[in-house]
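Undergrad: Starting from these lines, generate the structure:
(chains A, B, C and D)
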Number of protein chains: 2
Amino acid sequence: MSGKRSPARRPTMKDIARHAGVSQSAVSFALNGRPGVSEDTRDRVRRVAEELGWRPSTAARALSGEGAATVGFVLARPADTLGVDSFFLQLVSGIQEVLAERHLGLLFQVVEDIADECAVYRRWWAEHRVDGVLVVDPRTDDPRPDLLDELGLPAVVIGGAPDDRHPGLSTVWADDAGAMASVVDGLYALGHRRIVHIAGLPGLAHTERRIRTLRAEAGRRGLSEVQSVTTDYSDAEGAAVTRRVLEGPTPPTALIYDNDVMAVAGAATAAELGFSVPADVSVVSWEDSALCRIVKPWLSALSRDSVEFGRTAARELTALLDGGSARAVRVPVPRLIERGSTGVARDA
Amino acid sequence: MSGKRSPARRPTMKDIARHAGVSQSAVSFALNGRPGVSEDTRDRVRRVAEELGWRPSTAARALSGEGAATVGFVLARPADTLGVDSFFLQLVSGIQEVLAERHLGLLFQVVEDIADECAVYRRWWAEHRVDGVLVVDPRTDDPRPDLLDELGLPAVVIGGAPDDRHPGLSTVWADDAGAMASVVDGLYALGHRRIVHIAGLPGLAHTERRIRTLRAEAGRRGLSEVQSVTTDYSDAEGAAVTRRVLEGPTPPTALIYDNDVMAVAGAATAAELGFSVPADVSVVSWEDSALCRIVKPWLSALSRDSVEFGRTAARELTALLDGGSARAVRVPVPRLIERGSTGVARDA
DNA sequence: TTTAGTGACTAATACGCATTAGGATCACCG
DNA sequence: CGGTGATCCTAATGCGTATTAGTCACTAAA
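TA: Residues are numbered from 1 along each chain as shown, chains lettered A, B, ... in the order given. You can find the predicted model right below:
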């Protein structure tokens, strides 16, 4: 017994060297699979390391040029908008799964806006904290790709469209356009002609993509009473917009919500206003979760595998870190799960 | 222009020293507010550092004994249980706010179970990755405090009861017992005598605390038809338990759910079974969120400020890191927000 | 028997920062 | 004019790891 309660010193390579009776560099060679030590010694060193519970200090590793063994993830959302969003936790959970295999850490930060997010990237880069980052919520006019390019920080953009101007960035994206087209197809077939799309935050790349596709699809079919309305994704705005459009002179017969929270709030509002779902108005949620099966009728929803989405993104990032070249990966088109909230248009 | 696209080298103290025409140690003194340099030099060095966009490398700092400037947060939940949980994101958001001020990073990891969580702590400790950790979901028989003690890793337990046996750990806790007592008080006053508590995961400290308190309160009032049922927090189990108890011979007149998701699912199930809320059965959610205002009637809920909870926990941890001594902090008792889902018991 | 070559290891250095121990310059005092 | 501090710096280490440049003994080739 040395001291009273010595707080367990961390073993270093020097300790291993002493115990194994070799030099410190021999230990390094042995543990990293480098040539220069006999198999005997290698085994012995490995055993001693195991015994002592040695793990390489990431700090020291990072310092000697091996990178920080950490990737960064910034969520730029005002604190009160974070509420009930199943997407991010699932995404992160998928990301973790892949990173954990490689013993990569995930440095996580929540900030208020994109400017702060950029500042965080700069800081992380300068502080040598991360080897790469995962970028979410790409915007139509986004300063982040340029910044990351400038810093030379490997990155994967989650949910963006493929981007030729930044050959250093990988992209993992879902085909929102295709999904929107198929939803409109379905609704059109059911006789719907007046459709309102309660979209998410304006400026987000996928919001704009969905809006653009909807407009194109409507134009193609000569539908004039089709529109998108942007929101902040909150239940409050979802409900408010729903109320406004349903109380208008020619209420829509179908509503497409960009997330589950708004869809549920909207469906409830519709019911309150005396609109029966789906008899009077059909509801589609662009996000599937337990929420969609909590209300009655259950909501038809576009289901994507967010966990797998996260895994894919993380895999792309590790590929980049391994020196692979950037690429754009498309994940499967979300498929529409038909539940009770969609039906034939009343006036069809 | 030096190279073609030199990926922006990180400036170091040596660079600053060169630009400012002083030694590297003078730079260190200047930037860290140590004596040994004139105010003139100090200013000049500061300016140069600013100009070059210098930031200390955390790796180097950590290596020279300053700690990793990072705290860890592990969430031990199976991936599919992570669904719609507003609590954690809010908690993390509050934690971040405090950590960001001090430029502390948050290393985040999702694992399957407590054993994995312990392994992560060991690894983080051995790898020198974190200076302290935040522990959530304390259990009645929890191996983590002992482990953290052994490792000498500063930690704050979030949601645990004060714990005398681990003088190294701080605790931030809410008075579940008091809250439960007040909820039962309220329901009793409304005439409720048959109450079912749809609790969360068995083994969690706060779950057990609530169950124990409910039993005590029931005993005190001589109520025999009061019980708790543990679940996995999912909407599915919430609904299933609700169905089971309401279909029993003497259905309860009040239901207390340990989270918002189960409360909403339960309320929907009750309605499906022909029970009107609150005429036939009252519903209380032990977590307030947008969800509670999505269903009709709005759910009465215990509201706690999760973001502030996170802030408090982070503040305690930074205090520990600054060498402060451990303590137990109680956050305000959650207060019951009466909405439409609670009323006078039918058979009162 | 010398020479080149190889296998197994040690010594030395770099990484970026903090820190401790010195060294030079100047002012003040006896 | 030598000594004593004080002030402002520089030089030299150490942190834990990876890596590069040796060193040494032994074997195979000449």
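Undergrad: what about the strands in the stretch 201-348 of chain A?
TA: According to DSSP state E, counting those that start in this stretch, the stretch 201-348 of chain A carries its strands in the segments A:226-229, A:254-257, A:282-285, A:300-303, A:328-331, A:335-337.
Undergrad: got the contact list for residue A:15?
TA: By Cβ atoms under 8 Å, 6 or more residues apart in numbering or on different chains, the contact set of residue A:15 is A:52, A:54. The way it works is simple: take the backbone N, C-alpha and C, and place the C-beta from them, glycine included.
Undergrad: Secondary structure class of it, three-state.
TA: Counting by DSSP: H, G, I helix; E, B strand; the rest coil, the backbone at residue A:15 sits in helix.
Undergrad: May I see the strands of the stretch 201-348 of chain A arranged in a markdown table, with distance to residue B:65, mean neighbour count and mean pLDDT as well?
TA: Compiled in a markdown table, the strands of the stretch 201-348 of chain A are given as follows (distance: least, Cβ to Cβ, whole Å; neighbours: other Cβ atoms under 10 Å in any protein chain shown; pLDDT from 0 to 100):
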| stretch | distance to residue B:65 | mean neighbour count | mean pLDDT |
| --- | --- | --- | --- |
| strand A:226-229 | 56 | 19 | 96 |
| strand A:254-257 | 53 | 28 | 98 |
| strand A:282-285 | 53 | 27 | 97 |
| strand A:300-303 | 51 | 22 | 94 |
| strand A:328-331 | 42 | 16 | 94 |
| strand A:335-337 | 54 | 16 | 91 |
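Undergrad: among the ones you listed, which is nearest residue A:276?
TA: Closest to residue A:276 of the strands of the stretch 201-348 of chain A, according to Cβ to Cβ: strand A:282-285, at 10.7 Å.
Undergrad: name the helices or strands packed onto the closest one?
TA: Packing partners of strand A:282-285 (3 or more Cβ pairs under 8 Å, 6 or more residues apart in numbering or on different chains; DSSP states H and E): helix A:176-189, strand A:254-257, helix A:260-272, strand A:300-303.
Undergrad: Just tell me which of those ends up closest to residue A:33.
TA: Closest approach to residue A:33 among these is made by strand A:300-303 (43.7 Å; Cβ to Cβ).
Undergrad: Residue ranges in the stretch 1-150 of chain A under the pLDDT threshold?
TA: Residue ranges of the stretch 1-150 of chain A with pLDDT under 70: A:1-8, A:79-85.
Undergrad: From DNA strand C, how far out is residue A:117?
TA: Applying Cβ to the nearest atom of the strand, to the nearest Å, the value for residue A:117 to DNA strand C is 23 Å.
Undergrad: what about the one helix or strand that residue maps to and chain B, any contact?
TA: Using DSSP states H and E, residue A:117 maps to helix A:114-126. Yes. Using Cβ under 8 Å from any Cβ of the partner chain, helix A:114-126 comes into contact with chain B via A:122-123, A:125-126.
Undergrad: coming back round to it: please render the helices and strands packed on strand A:282-285 as TSV that adds distance to residue A:197 to the earlier fields.
TA: Shown next, in TSV, are the helices and strands packed on strand A:282-285 (distance: least, Cβ to Cβ, whole Å):
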stretch	distance to residue A:197
helix A:176-189	8
strand A:254-257	5
helix A:260-272	11
strand A:300-303	12
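Undergrad: any chance of those in JSON lines, with distance to chain B too?
TA: Converted to JSON lines, the helices and strands packed on strand A:282-285 look like this (distance: least, Cβ to the nearest Cβ, whole Å):
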{"stretch": "helix A:176-189", "distance to chain B": "22"}
{"stretch": "strand A:254-257", "distance to chain B": "12"}
{"stretch": "helix A:260-272", "distance to chain B": "5"}
{"stretch": "strand A:300-303", "distance to chain B": "13"}
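Undergrad: so of those, which one's packed in deepest?
TA: Most buried of the helices and strands packed on strand A:282-285, by mean neighbour count (mean count of other Cβ atoms under 10 Å in any protein chain shown): strand A:254-257, with a mean of 28.
Undergrad: quick one: strands adjacent to it?
TA: With DSSP bridges as the test, strand A:254-257 is paired with strand A:195-198 (parallel), strand A:282-285 (parallel).
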